[in-house]
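A.B. asks: Predicted model follows, preceded by the sequence.
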Amino acid sequence: MFQFILRRMLWTIPVIFVVSALTFILMHSVPGSPFTRERALPAAIQKNLEAKYHLDDPLWKQYGEYMWGFIRLDFGPSIAYRARTVNEILAQQWPVTMTLGAVAFVFAACLGIPLGILSAVKQNTLIDHSSMVVAMLGVSIPSIALGPFLIWIFALKLKWLPVATWGTPAHIILPALTLSTFYLSRFARITRASMLQVTREEYIVTARAKGIRESVVNLKHAFRNALIPVTTIAGPAFADILTGSLVVEQIFGIPGIGKYYVTSIGNRDYPVIMATTLIFALLIILMNLLVDISYALLDPRIRYN
Amino acid sequence: MKKLWLFALVVALLAGVVVAGQAKTLHWNLATEPPSLDPSLATDTTSHQILKAMFISLCQFDDATMAVLPDLATSWEFDAATVTWTFHLRSDVYWTDRNWTLSGIPVTAGDVEYGIKRLLAPETASEYAYVLYLIKGAEAYNTGVGSADDVGVKALDNHTVAITLNFPAGYFPTMAALWLCAPLPQVAIERYGDKWTEAANIVTNGPYVLGEWVHEDHLVLVKNVAYYDVASVKIDEVYCTMVNEASTAMAMYEAGVLDVDDTPPLEDMDRIKSDPVLSLELQQAPRLCTYRYGLNSAKPPLDNILVRKALASSVDRQSLIDYVLKGNQKPAQTWTPPGIFGYVDGVSLGIGYPYDPEAAKQYLADAGYPGGVGFPEVTLMVNTSQAHMKIAQFIGQGWMDTLGIKINITNQEWGVYLATCSADAPQVFRMGWCADYPDGNNWMNDVFHSGSGNNYEKYNSPAFDALVEQAAVELDPAVRLDLYKQAEILICDTDVAFIPIYFYTFNQLTKPYVVRTFAAIGGESWKNWDILDH
């Protein structure tokens, strides 16, 4: 197991280099620069700006210096936000996104998985059908529609919760609910499908034949194995949710990192593009590793040697 | 020393008044994080809104008339022999930080000299440095050829600063009202470097100080009790949120969280206008910006002037405003908007091309395409945005219906779009322009001179260049007005270099208890606002 983890972690290094090189090449290939403006800047001004951010160096040198900084966890200055470094942006904005993401993930997992189990156990009943309708709606309704709808009901009509912005636990509820709905629905649907498949396995039939209580059969024997497909999607979903949602953060005016994934590209803010992309890649790698480790813990048949 | 004690007493008294009375707080939505609160570096409207509250410059604009008024400078004069503007400064302006620890240090002419020279220093890498290239030695210094000592800005004494220009720009006082000519706090900048604009470090001199700045979340401005005209500042605090989504900001306004919504969503305009409460709170005011469709006259069939006239005559601007924009914008037949020195009323003077479908068909027939027969497909490109696309669809459909031609509407991401328009502009493309300073030079010379980087049309007319160059150095306002009128005729009527579409307006929702002004050039003057008991 230890060797497996070590091997996977070592593989991270070339993967990150490939991702960084591709991102670097792509962002420099896109027309426009950080200083492309509707009010065109004279060549002399462009030259001063490029000199300040070392964009007048050859590309290989820029890439080398960026990666050297990256290794030392120095992500460089933001070009669009002149007084802020990328490290500061990450330090100030990412905890907000992580808080929102963690709450949304807890919502999604704690409501979605039980909903899936319930549907499977009560297959083809009213409970099953209504749960799956809710899950289908959750997957289908985009955040951009759900967010304003929740604001309208809970903030404007009922006046139970604040409209937007960030600061108190009450401010987290509506955006977390909006962000979680998609994942909640996916968890519910996959848990249900997985449970239905597992409950037809022979060892479950055996367990039932032994006269074990139905709840024990479902929760102890079936659920544990049914969790494997759920875990498979939970890893990338967690990475996804932790790197923020532009839409949810935008709708609720949340000072998270999500918007930087999009605005940095529009601004051609090269250091921010590189940092956000590489962090996302690292998270995906880490989450997939955790998922693989959890397989071994959940299913005794899976061993990494 | 005596002066310092007196100052401290005034500060204490004013602070006491604020504490004793009911603090008035304005809740405003900035929509985004200000990219920079450094007057040398800021280039966007959000940052300028905050800068206007925190810093004063040599002059200021009257919000309604755009007249240049005194601010740090009480008076100024021009010496034609030396091409020098001399500004005489107030002696009661002080630097302040949020803890009032620096209060009492006066703002001097030396701070103005430092501010302008810092802006021009190549290492500052200021995007707007080129705007001040009209100052003697400025371009050389900014491009690394000359030195700071050779820049034509000099503090003659603590309260007098002389600015020598390359040519006698009659409009220079309008530039002196820009943040580019603001005095800057050298000590704070040198002590904190790039971080001098953080709330804990910043030193300012305007109506408000930066009390708090939580990045991407909120920013709080607190009345500066050391401001020279603090007695007329009625709002004690401005609390700015940074909610980018227009529908959320609208919900916050309706929930009473915001006192003003400066960008109500287009989708809500019909509801706002029919709502008995919101309709009364909707205020509209002119804004110094013009929307245009650039024409690439080098690409067939737009190389034919008659085709350009046909397109210009078949834009139904009023219907566009009534059914698509819904913001009471004004149809534009000329380029410079009302409120800018050099504006000509194209509609009443018959300059430019009004909506006239019959004339448009005739122009097209005269060009050799009767009823649009044989007319090649024309590309109309906009940058990716729902609002721009709606306008393009309306105008494009109008052209197809009126002229019987085929229009290919396409869009590109903003950065790619600008690169495309710079390198090889499509036949028709969207552009806009908002005033930096309220003078025709900023609309004609800065945009359509053959040497301007903003001239995406690649308009190249020696006659036009001569007119705007002459207007830049001419001191007689009447002569300048006439020169700009001739330039408008040339560019919008004779040559049809582009199609002016509309002059912008502000559409803002304001709670009835807010007493406000509208700054046509942008950047509201909160110092002149008030909040009534409610």
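C.D. replies: Great, that's in hand. Numbering: from 1, shown residues only, chains lettered A, B, ... in the order given.
A.B. asks: Okay, strands next: where are they in the stretch 401-534 of chain B?
C.D. replies: All strands of the stretch 401-534 of chain B, identified by DSSP state E, counting those that start in this stretch, fall at B:407-412, B:428-434, B:498-510, B:514-515, B:530-531.
A.B. asks: partners of the last one, with directions?
C.D. replies: It stands for strand B:530-531. Applying DSSP bridges, strand B:530-531 is found paired with strand B:514-515 (antiparallel).
A.B. asks: Name the residues that touch the strand it pairs with?
C.D. replies: By C-beta atoms under 8 Å, 6 or more residues apart in numbering or on different chains, the residues outside strand B:514-515 that reach it are B:L26, B:D259, B:V260, B:W529, B:D530, B:I531, B:L532. To be clear about C-beta, it is placed using only N, CA and C from the backbone, and glycine gets the same treatment.
A.B. asks: Please identify which pair of those residues lies farthest apart.
C.D. replies: Distance extremes for the contacts of strand B:514-515: the farthest pair is B:V260 and B:L532 at 14.1 Å, using C-beta to C-beta.
A.B. asks: if you count what's nearby, which of these two comes out ahead?
C.D. replies: Per other C-beta atoms under 10 Å in any protein chain shown, whichever of B:V260 and B:L532 has more neighbours is B:V260, with 20 against 11.
A.B. asks: Hmm, B:F506 and the more buried one touching each other?
C.D. replies: No. With contact defined as C-beta atoms under 8 Å, B:V260 does not reach B:F506; the gap is 10.7 Å.
A.B. asks: At which residues are the helices of the stretch 101-250 of chain B located?
C.D. replies: Per DSSP state H, counting those that start in this stretch, the stretch 101-250 of chain B has helices spanning B:109-120, B:138-142, B:172-176, B:186-192, B:246-254. These are given in chain order.
A.B. asks: closest to chain A out of those helices?
C.D. replies: Closest to chain A of these, according to C-beta to the nearest C-beta: helix B:246-254, at 4.8 Å.
A.B. asks: Adding mean neighbour count and mean pLDDT, write the strands of the stretch 401-534 of chain B out as CSV.
C.D. replies: As requested, the strands of the stretch 401-534 of chain B are exported to CSV (neighbours: other C-beta atoms under 10 Å in any protein chain shown; pLDDT from 0 to 100):
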stretch, mean neighbour count, mean pLDDT
strand B:407-412, 17, 96
strand B:428-434, 21, 96
strand B:498-510, 22, 97
strand B:514-515, 15, 98
strand B:530-531, 17, 97
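A.B. asks: low pLDDT regions in the stretch 301-450 of chain B?
C.D. replies: For the stretch 301-450 of chain B, no stretch is flagged by pLDDT under 70.
A.B. asks: Would you mind listing what in it touches chain A?
C.D. replies: The stretch 301-450 of chain B comes close to chain A at residues B:E413, B:W414, B:G415, B:V416, B:L418, B:A419, B:T420, B:S422, B:M431, B:G432, as judged by C-beta under 8 Å from any C-beta of the partner chain.
A.B. asks: same thing but at 7 Å, please
C.D. replies: Within the stretch 301-450 of chain B, the positions near chain A by C-beta under 7 Å from any C-beta of the partner chain are B:E413, B:W414, B:G415, B:V416, B:L418, B:A419, B:S422, B:M431.
A.B. asks: Pretty sure the fifth one sits against A:T36.
C.D. replies: By that I understand B:L418. Yes. Using C-beta atoms under 7 Å, B:L418 is in contact with A:T36, at 4.8 Å.
A.B. asks: which residues are common contacts for these two?
C.D. replies: With C-beta atoms under 7 Å, 6 or more residues apart in numbering or on different chains applied, the contact sets of B:L418 and A:T36 do not overlap.
A.B. asks: Does the helix or strand containing A:A275 reach chain B?
C.D. replies: Element membership for A:A275, per DSSP states H and E: helix A:270-298. No. Helix A:270-298 lies apart from chain B when judged by C-beta under 7 Å from any C-beta; the minimum separation is 12.0 Å.
A.B. asks: And the average pLDDT for that helix is what?
C.D. replies: In this model, helix A:270-298 has a mean pLDDT of 89.
A.B. asks: next one: stretch A:38-54
C.D. replies: Mean per-residue pLDDT for stretch A:38-54: 90.
A.B. asks: Which SSE is immediately downstream of the helix or strand containing A:W11?
C.D. replies: Element membership for A:W11, per DSSP H and E: helix A:2-29. On the C-terminal side of helix A:2-29, the closest following helix or strand by DSSP H and E is helix A:43-52.
A.B. asks: Put the alpha carbons of that next one into PDB.
C.D. replies: Provided in PDB are the C-alpha atoms of helix A:43-52 (Å, rounded to 0.1, in the frame of the first residue of the first chain):
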ATOM      1  CA  ALA A  43       4.000  50.700 -27.700                       C
ATOM      2  CA  ALA A  44       6.100  52.500 -25.100                       C
ATOM      3  CA  ILE A  45       3.500  51.800 -22.400                       C
ATOM      4  CA  GLN A  46       3.200  48.200 -23.400                       C
ATOM      5  CA  LYS A  47       7.000  47.900 -23.200                       C
ATOM      6  CA  ASN A  48       7.100  49.300 -19.700                       C
ATOM      7  CA  LEU A  49       4.400  46.900 -18.600                       C
ATOM      8  CA  GLU A  50       6.000  43.900 -20.200                       C
ATOM      9  CA  ALA A  51       9.300  44.800 -18.600                       C
ATOM     10  CA  LYS A  52       7.700  45.100 -15.200                       C
END
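A.B. asks: Spatially, and excluding backbone neighbours, which residue is closest to B:M66.
C.D. replies: B:P438 (4.1 Å; C-beta to C-beta, 6 or more residues apart in numbering or on different chains).
A.B. asks: so that neighbour makes contact with B:P338?
C.D. replies: No. Using C-beta under 7 Å, B:P438 makes no contact with B:P338, being 10.7 Å away.
A.B. asks: Please say which of those two ends up with more neighbours.
C.D. replies: Comparing B:P438 with B:P338 by other C-beta under 10 Å, the one with more neighbours is B:P438, at 26 against 15.
A.B. asks: show me the contacts for that one.
C.D. replies: Neighbouring residues of B:P438 by C-beta under 7 Å, 6+ apart: B:F61, B:M66, B:T174, B:L288, B:G339, B:I340, B:F341, B:I521.
A.B. asks: how close does it get to chain A?
C.D. replies: Per C-beta to the nearest C-beta, to the nearest Å, B:P438 is found 16 Å from chain A.
A.B. asks: now B:E474
C.D. replies: 24 Å.
A.B. asks: burial measure for that residue, as a count.
C.D. replies: B:E474: 18 neighbours (other C-beta under 10 Å).
A.B. asks: what's near enough to touch it?
C.D. replies: B:E474 touches B:G170, B:R480, B:L483, counting by C-beta under 7 Å, 6+ apart.
A.B. asks: correct me, but the last one touches B:V473?
C.D. replies: I take that to be B:L483. No. The criterion here is C-beta under 7 Å, and B:L483 misses it with B:V473 at 10.4 Å.
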